[in-house]
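# Give me coordinates for this.
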Amino acid sequence: MMKETENASRRLKMTANHLQSSSSSSENLSVEPTSFEKSRVKVVSNQRGHHQGREEVKWNGWGYNDTKFELNNKNQIYLTGKRYELCGVPFPKLRPWAEESFGLSVDQKSPPNEKIQDMPPAIKVEAFLKEIEGKYFKISFQERDRLNHGHGHTCDDIWKLRYGKFERLPDAVVWPDNHGQVEELVAAAAKHNVVLIPFGGGTSVSSGLECPDDEKRMVVSVDMHEMNRIKWIDHDSRMACIESGIVGKDLDAKLAKLGLCVGHEPDSSEFSTLGGWVATRASGMKKNVYGNIEDILISCKMVTPRGTIEKGCSVPRISTGPDVNQIILGSEGTLGIVTECVLRLRPLPEVRAYGSIAFPDFESGVACLHEISRQRLAPASIRLVDNAQFKFGQVLKPEDHSQWNEWVDAAKKWYVTAWKGFSIDKMTAATLLFEGNAADVALHQKKIYAIAAQFGGINGGEDAGRRGYFLTYMIAYIRDFGFNHWFMAESFETSVPWCNVLELCQKVKDKVIATCKEQGVVHAPFVSCRVTQTYDTGAAVYFYFGFVYKGLPDPLKVYNEIENMARDEIIRCGGSLSHHHGVGKLRKRWMSTTVSPVGMEALTGIKKTLDPNNIFANGNLL
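Numbering: from 1, shown residues only. Alright, predicted model coming up:
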């Protein structure tokens with residue numbers, strides 16, 4: 001017993017030291033001992049006033065206020081700010097490529113609204129407000145807070161922010177501070193018939209955060225950012241209880257100080273939250289090693305109008321009927337508010353190595369990824385882009401004044417095209433990320449490149465892999481730049497069996513091109529795809545498309561028609577309604593086909609049981 005107590009004390013001290021050394025001066029951090037049952041160390045750590053960080057982000061676009069693509073004094077496109085490695089560096093090839101490829105003209109501007117829209121007056125239920133008074137970190141009726149919490153980041157959302165308006169917005173925003181306050185908030189809302197819409201990072205791309213236009217009740221957005229504590233860590237069992245409002249990058253930073261990680265890294269990890277990952281059944285770029293969120297989640301709490309739903313224990317597996325976690329995962333804010341999650345932890349990898357492979361064509365690349373999957377050898381991340389996206393990546397190379405680097409690049413191009421016989425108009429590339437200890441990573445790399453060689457692939461180098469991996473974070477900033485110049489763009493995703501990957505990719509791209517023509521789009525659109533995640537039985541595929549909308553009488557209607565036609569084609573080709581973005585309001589018309597009419601009845605039954613008066617009335621899924 002004495003030895004167990006000493007070990008637990010040692011773990012407590014280690015956790016306290018790490019967390020205290022990693023905290024900023026503005027962070028209120030304390031560490032409290034608790035019972036040493038099951039070797040858990042209790043950690044009470046949260047960053048107060050986290051909601052104020054919303055002031056750092058744009059109100060009418062993606063990401064940080066200081067980060068955007070603009071023209072420099074040489075009329076070259078560059079990235080402003082200092083947050084990313086590529087900030088301040090011009091991309092001299094980007095402008096001519098965009099103008100030549102799909103008719104975007106940087107000289108023609110489409111300026112957005114300069115100020116936020118006129119807000120509808122807030123509906124206030126005074127009895128509700130009185131009952132919850134003092135039971136939150138903060139409440140706001142300010143116009144910008146209401147607007148910021150009334151949308152996500154679909155093309156439709158950004159269009160309304162820039163050029164139109166939202167008919168219905170939250171009447172108030174509340175930031176709860178702990179699980180108990182959420183329970184009181186939900187109980188008061190149920191009592192007074194007030195609508196609650198959970199809000200995490202605001203990165204939804206399914207129209208999941210928009211208020212239904214016909215909602216007449218008071219609507220309150222529940223921002224979870226203040227609940228960002230790591231409550232306890234069980235070092236022996238490698239699991240932790242974490243509040244749902246923590247942002248991905250903050251979770252990574254805190255755990256890294258302890259030599260641990262979760263490994264969930266979605267494209268939105270700079271802004272998205274743990275609760276949002278659970279509510280949408282999210283997937284990350286490194287799922288091959290760490291799993292999707294449903295693989296990482298051990299248990300969680302969700303507050304519903306009927307009370308809190310949770311498992312009674314946090315164990316590696318349980319056989320007690322249908323899994324309660326599966327009711328919560330993917331519920332998209334329709335049943336309640338996720339407050340706390342117990343997650344599986346992993347040791348922080350010793351080595352992180354990037355790589356890339358060039359393939360003569362997309363078919364060869366897909367065959368290679370399929371074989372890697374068949375042999376269960378997928379690295380942490382492996383993503384294959386088609387030729388259109390490969391060319392896009394080439395023009396996103398930053399300016400380099402080194403004569404030596406220019407010679408090296410020319411030599412590489414000669415080797416690939418003249419010596420290996422690759423065509424610039426057909427070749428594709430895969431980016432790789434390996435994680436683990438040095439010996440395992442080295443062996444893994446050797447095996448992957450050997451398989452690639454069987455399909456005509458050649459090693460493209462570490463720099464190309466690193467650049468390709470991090471360009472993922474730039475895509476939404478590039479979309480905003482396009483909007484400034486009459487170019488509308490969006491992405492969507494699916495999952496599909498291996499036997500249908502090539503057919504689906506080609507037919508969906510053909511459908512986008514055909515629909516653009518039918519809808520009066522003058523210039524040929526940009527349309528591309530990439531295989532982003534692999535499984536034993538299939539793969540996830542991401543599509544990007546964009547078009548010049550100048551001259552179209554109703555660009556938003558055209559965009560919606562294109563995406564709807566593309567989604568119909570995906571389903572015809574055996575693809576899923578969504579791999580990880582979720583359904584929201586944007587895709588729910590396909591839900592009955594996806595889960596069957598009886599399945600819809602089952603989901604509706606759960607909704608009626610947990611939320612009989614539709615307090616969580618965001619209109620998603622059902």
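# how distant is stretch 66-86 from the center of its chain?
23 Å (CA atoms, centre = their mean, to the nearest Å).
# what are the C-alpha coordinates of that stretch, in PDB please?
Taking C-alpha atoms only, stretch 66-86 is exported to PDB below (Å, rounded to 0.1, in the frame of the first residue of the first chain):
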ATOM      1  CA  ASP A  66      -4.000  38.600 -39.400                       C
ATOM      2  CA  THR A  67      -3.800  35.700 -41.900                       C
ATOM      3  CA  LYS A  68      -5.100  36.000 -45.400                       C
ATOM      4  CA  PHE A  69      -3.900  35.800 -49.000                       C
ATOM      5  CA  GLU A  70      -3.300  39.200 -50.600                       C
ATOM      6  CA  LEU A  71      -1.300  40.900 -53.400                       C
ATOM      7  CA  ASN A  72       2.100  42.300 -52.600                       C
ATOM      8  CA  ASN A  73       3.600  45.400 -54.300                       C
ATOM      9  CA  LYS A  74       4.700  43.100 -57.200                       C
ATOM     10  CA  ASN A  75       1.200  41.900 -57.700                       C
ATOM     11  CA  GLN A  76       2.100  38.400 -56.400                       C
ATOM     12  CA  ILE A  77      -0.100  36.500 -54.100                       C
ATOM     13  CA  TYR A  78       1.300  36.000 -50.600                       C
ATOM     14  CA  LEU A  79       0.100  35.000 -47.100                       C
ATOM     15  CA  THR A  80       0.000  37.800 -44.500                       C
ATOM     16  CA  GLY A  81       0.700  37.400 -40.800                       C
ATOM     17  CA  LYS A  82       3.300  35.500 -38.800                       C
ATOM     18  CA  ARG A  83       1.500  32.300 -37.600                       C
ATOM     19  CA  TYR A  84       2.600  29.900 -40.300                       C
ATOM     20  CA  GLU A  85       5.900  29.000 -41.900                       C
ATOM     21  CA  LEU A  86       4.700  30.300 -45.300                       C
END
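# hmm, who's touching it?
With contacts defined as CB atoms under 8 Å, 6 or more residues apart in numbering, stretch 66-86 is touched by 56, 58, 61, 64, 87-92, 94-95, 106, 398-399, 470, 473-474, 477-478, 480-481. Where you see a C-beta, it was placed from the backbone N, CA and C, and this is true even at glycine.
# One more pass at 7 Å, please.
With CB atoms under 7 Å, 6 or more residues apart in numbering as the test, stretch 66-86 has contacts from 64, 87-92, 94-95, 106, 398, 477-478, 480-481.
# From the residues you listed, keep the buried residues only.
64, 90, 91, 92, 94, 95, 106, 398, 477, 478, 480, 481 (16 or more other CB atoms under 10 Å).
# for the third one, what are its contacts?
Residue 91 is in contact with 76, 77, 78, 395, 396, 398, counting by CB under 7 Å, 6+ apart.
# Likewise for residue 279?
198, 331, 332, 333, 338.
# Quick check: helices, which of the contacts of residue 91 are part of them?
Among the contacts of residue 91, the ones falling in helices (DSSP state H) are residue 395.
# Of the contacts of residue 91, just say which sits nearest to residue 151.
residue 77 (26.7 Å; CB to CB).
# is that closest one in a bridge, and if so with what?
residue 71, residue 91 (DSSP bridges).
# For it, give its distance to residue 478.
To residue 478, residue 77 is 9 Å away according to CB to CB, to the nearest Å.
# ok, back up a step: so which of the contacts of stretch 66-86 sits lowest on pLDDT?
Lowest pLDDT of these: residue 398, 80.
# and residue 369, which of the three is it?
helix (DSSP: H, G, I helix; E, B strand; the rest coil).
# Repeat that for residue 222.
strand.
# cool, residue 435 as well?
Residue 435 - assigned by three-state DSSP - is strand.
# Report pLDDT for it.
97.
# ditto for residue 85
So, for residue 85, pLDDT stands at 86.
# so how far is residue 253 from it?
Residue 85 is 18 Å from residue 253, by CB to CB.
# can you pull the contacts of the closest residue to residue 122 other than its chain neighbours?
Spatial nearest neighbour of residue 122, chain neighbours left out: residue 171 (4.1 Å); criterion: CB to CB, 6 or more residues apart in numbering. For residue 171, the contacting residues are 122, 123, 124, 218, 219, 220, by CB under 7 Å, 6+ apart.
# Now do the contacts for the fourth one.
With contact taken as CB under 7 Å, 6+ apart, residue 218 is in contact with 123, 124, 125, 128, 171, 194, 195.
# ok, those vs residue 535, which is closest?
Looking across these and measuring by CB to CB, the closest to residue 535 is residue 195, at 37.6 Å.
# can I assume that closest one is in contact with residue 617?
Yes: contact criterion CB atoms under 7 Å: residue 195 and residue 617 qualify, at 4.7 Å.
# before we move on, back to that, the contacts of residue 91 into a markdown table, with extra columns for distance to residue 514?
Below are the contacts of residue 91 laid out as a markdown table (distance: CB to CB, whole Å):
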| residue | distance to residue 514 |
| --- | --- |
| 76 | 34 |
| 77 | 30 |
| 78 | 35 |
| 395 | 26 |
| 396 | 28 |
| 398 | 36 |
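# nearest residue to residue 359 other than its sequence neighbours?
residue 365 (4.0 Å).
# pretty sure that neighbour is in a helix, no?
Yes: according to three-state DSSP, residue 365 belongs to a helix.
# measure the residue most central in space within the chain to residue 212 for me?
Computing the C-alpha centroid of the chain and ranking residues by CA atoms, centre = their mean puts residue 268 first, at 3.6 Å. Counting by CB to CB, the separation of residue 268 from residue 212 is 24 Å.
# now residue 86
Applying CB to CB to residue 86 and residue 212 gives a distance of 40 Å.
# For these two, indicate the residue with more neighbours.
Between residue 86 and residue 212, residue 86 has the larger neighbour count (other CB atoms under 10 Å), namely 19 against 16.
# The residue nearest to the centre of the chain touches residue 202, doesn't it?
No: counting by CB under 7 Å, residue 268 does not reach residue 202; the two are 9.5 Å apart.
# in stretch 461-474, what counts as buried?
So for stretch 461-474, counting by 16+ other CB under 10 Å, buried means 464, 465, 466, 467, 468, 469, 471, 472, 473, 474.
# Pick the one among the residues you listed closest to residue 145.
residue 473 (25.8 Å).
# re earlier: can you name the two of the buried ones among the contacts of stretch 66-86 that sit furthest apart?
64 and 92 (24.1 Å).
# any idea of the mean pLDDT in stretch 445-463?
96.
# Please identify the buried residues of that stretch?
445, 448, 451, 452, 455, 456, 457, 458, 459, 460.
# Am I right that the first one is in a helix?
Yes: membership of residue 445 in a helix is supported by three-state DSSP.
# Pull the contacting residues for it.
Contacts of residue 445 by CB under 7 Å, 6+ apart are 353, 355, 434.
# Which of those residues has the largest number of neighbours?
Each of the contacts of residue 445 was scored by neighbour count (other CB under 10 Å); the top score is that of residue 355, with 27 neighbours.
# Nearest residue to it in space, please, no chain neighbours.
Per CB to CB, 6+ apart, closest to residue 355 is residue 432, 3.9 Å.
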